[in-house]
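Asker: based on what follows, work out the 3D shape:
(one chain, ligands or ions: 2)
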Amino acid sequence: MSSVILALDQGTTSSRAIVFDIRGEVRAVAQHEFRQIFPQPGWVEHDGREIWSSQAGVAAEALASAGVSPRDVAAIGIANQRETTLLWDRKSGEPLHNAIVWQDRRTAQHCDRLKQDGLEPIFRAKTGLVLDAYFSGTKLTWLLDNIPGARERAEAGDLAFGTVDSWLAWNLSGGRLHITDASNASRTLMFNIHSLEWDKELLDILRIPAALLPKVVDSSSVYGCCSGNIFESIPIGGMAGDQQAALFGQGCGKEGMAKNTYGTGCFMLMHTGARPVTSGHNLLTTVAWQINGAAEYALEGSVFIAGAAVQWLRDGLGIIRDSAEVEALAATVTDNGGVYFVPAFSGLGAPHWDPYARGTIVGISRGTTAAHIARAVLESIAFQTDDLRAAMESDSGVLLSELRVDGGASVNNLLLQFQADLLGVNVVRPMVRETTALGAAYLAGLAVGFWSDRNEIERFWQRDRLFTPLMASDRVSMLKQFWAKGLGRSMGWDAP
Ligand SMILES: Nc1ncnc2c1ncn2[C@@H]1O[C@H](COP(=O)(O)OP(=O)(O)O)[C@@H](O)[C@H]1O
Ligand SMILES: O=P(O)(O)OC[C@H](O)CO
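Answerer: Residues are numbered from 1 along each chain as shown. Ligands and ions are numbered 1, 2, ... in the order given. All right, here's what the predicted structure looks like:
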């Protein structure tokens, strides 16, 4: 009997691999940061070959450090940064261009034109998304329009499009699998979340040949086996976008349960059951996962910059040497000293969707120190999350009873206490914070019978720490009012 599941968590800034045992406990982790490429302001790219080599490298490392051989692996599960768009040659397997990353804004004006043509309601109704450069559709159009000869080759069937899940499955299987799961497909602007199929009308509007597209599959199923690499013969059993995988890994499988992942960005998802809930507040309706052909849905609030603002303190301002130092620095002051930071480095996502907003620091006085800036950065992450909560409660009609949290920045106790204060509900951090990888592992493990059913894995969830609201309500209201003022200053800043 195989003893472990190998989860691949291909994130925006790093590739991670985690080996889980039958109790859902971590046996080994390996992680490797890879290159972020910024060719122009507002553009963000990754090298597809580096995505694959770093992911394969950490997977091999994690297996070695767990002391298991590929034969001991019951299945591989994939969770991935979503929307990031790749185009490659089916024969050589070589990418035609760097991957265009979800944060990239180069297609903002294309989205504006589609909106001016009155097309947003069609996209909204069919895909559950807003017309924004965040999603894959207009990124793929850009590649076809800007790489010489790409459109003709795409129409001839020589090229393959995929998000990172497809790219990893392609490479793991030695080019045999060209697939994507429904949760990833639901982030492309090309997928109908009601019929669970690629949508011809949307493909025509975006001028995308259907021959490029991967087959849409369940999030938990044996798709095939690894081939032509050191993972030879391991079944690939699960795939989901990283935020949906985290929802699964957090055990949020019932209507009204919500999680927030604090990584590069911040993504709050609430499970809404077997039917999609339409947002009246610019949240996204998205496929949570598809199992046995049936989809479950989530409402999502996507914030583009969260932990990345902490990285900016480190790399841009140099006021900390390591992300972990931000907590100690922020704790040297008792409050933000009137400083508010809006981290709109690449526009604002939900619920504002303003591609032209830019970063702003307001309220600086002669007494402002690096510590106040650090505190304002952490607070900005919590303020953005609180804005999502308000929209989500109103759309779903469900009042949040608690928020489960995870992701790299969720180690930060000061951030989570402030989050609980703002939300006015308990914030709960689980023992296993690698819930994205855990979700991918669960999806794969269920497909191969490593675990019997969802009830079994939901029992593994254990609390590490609970943060309860402590701040007086008049102070909370005052803080929120200033945050709203700061937001107003950042919006539309870079509009053409
Ligand atoms: N102690 C900390 N306090 C605040 N942010 C942190 C801390 N440790 C890490 N981070 C932030 O968490 C992010 C990394 O989280 P992770 O979940 O690995 O992201 P991703 O999956 O998007 O690559 C980085 O942006 C980093 O700045
Ligand atoms: O890589 P992460 O964890 O920041 O997640 C990125 C999201 O999937 C983008 O939609």
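
Asker: all contacts plus neighbour counts: C-alpha atoms, from now on.
Answerer: Will do.

Asker: for the lowest-mean-pLDDT helix or strand in the chain, C-alpha coordinates in CSV please.
Answerer: Within the chain, no helix or strand scores below helix 454-458, which has a mean of 88 by mean pLDDT, DSSP states H and E. Output of helix 454-458 as CSV, limited to C-alpha atoms (Å, rounded to 0.1, in the frame of the first residue of the first chain):
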residue,chain,number,x,y,z
ARG,A,454,-15.0,13.9,2.7
ASN,A,455,-16.2,13.2,6.2
GLU,A,456,-13.0,11.3,7.0
ILE,A,457,-10.8,14.2,6.0
GLU,A,458,-12.9,17.0,7.5
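
Asker: sheet-wise, list the partners of whichever helix or strand comes after it with their directions.
Answerer: Next helix or strand after helix 454-458 toward the C-terminus (DSSP states H and E): strand 463-467. Sheet pairing here is set by DSSP bridges, and for strand 463-467 it gives strand 426-430 (antiparallel).

Asker: can you tell if the strand it pairs with touches ligand 1?
Answerer: No - for strand 426-430, no contact with ligand 1 is found by CA under 6 Å from any ligand atom; the gap never falls below 13.7 Å.

Asker: from the chain's centroid, how far away is stretch 17-26?
Answerer: Counting by CA atoms, centre = their mean, to the nearest Å, stretch 17-26 is centred 21 Å from the centre of its parent chain.

Asker: list the buried ones in that stretch?
Answerer: 17-21, 24, 26 (16 or more other CA atoms under 10 Å).

Asker: ditto for stretch 277-290
Answerer: Under the neighbour-count criterion of 16+ other CA under 10 Å, stretch 277-290 has 277-279, 281-290 buried.

Asker: ok, so of those residues, who is nearest ligand 1?
Answerer: Using CA to the nearest ligand atom, residue 288 comes nearest to ligand 1 of those, at 18.0 Å.

Asker: the closest one should be in a strand, yeah?
Answerer: Yes - remark: residue 288 belongs to a strand, assigned using DSSP: H, G, I helix; E, B strand; the rest coil.

Asker: quick check, it in contact with residue 294.
Answerer: No - the criterion here is CA atoms under 8 Å, and residue 288 misses it with residue 294 at 10.7 Å.

Asker: what is the longest strand of the protein by residue count?
Answerer: Secondary structure assigned by DSSP state E gives strand 294-303 as the longest strand of the chain.

Asker: okay, now the sheet partners of it, with direction.
Answerer: Counting by DSSP bridges, strand 294-303 is paired with strand 266-273 (antiparallel), strand 284-291 (antiparallel).

Asker: dump these into TSV; add mean pLDDT and distance to ligand 2 as well.
Answerer: Listed next are these as TSV, based on pLDDT from 0 to 100; distance: least, CA to the nearest ligand atom, whole Å:
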stretch	mean pLDDT	distance to ligand 2
strand 266-273	94	7
strand 284-291	96	11
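
Asker: on that earlier part again, distance to ligand 1 for the buried residues of stretch 277-290 - can I get that in JSON lines?
Answerer: Below are the buried residues of stretch 277-290 laid out as JSON lines (distance: CA to the nearest ligand atom, whole Å):
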{"residue": "277", "distance to ligand 1": "26"}
{"residue": "278", "distance to ligand 1": "27"}
{"residue": "279", "distance to ligand 1": "25"}
{"residue": "281", "distance to ligand 1": "25"}
{"residue": "282", "distance to ligand 1": "22"}
{"residue": "283", "distance to ligand 1": "20"}
{"residue": "284", "distance to ligand 1": "19"}
{"residue": "285", "distance to ligand 1": "21"}
{"residue": "286", "distance to ligand 1": "19"}
{"residue": "287", "distance to ligand 1": "20"}
{"residue": "288", "distance to ligand 1": "18"}
{"residue": "289", "distance to ligand 1": "19"}
{"residue": "290", "distance to ligand 1": "22"}
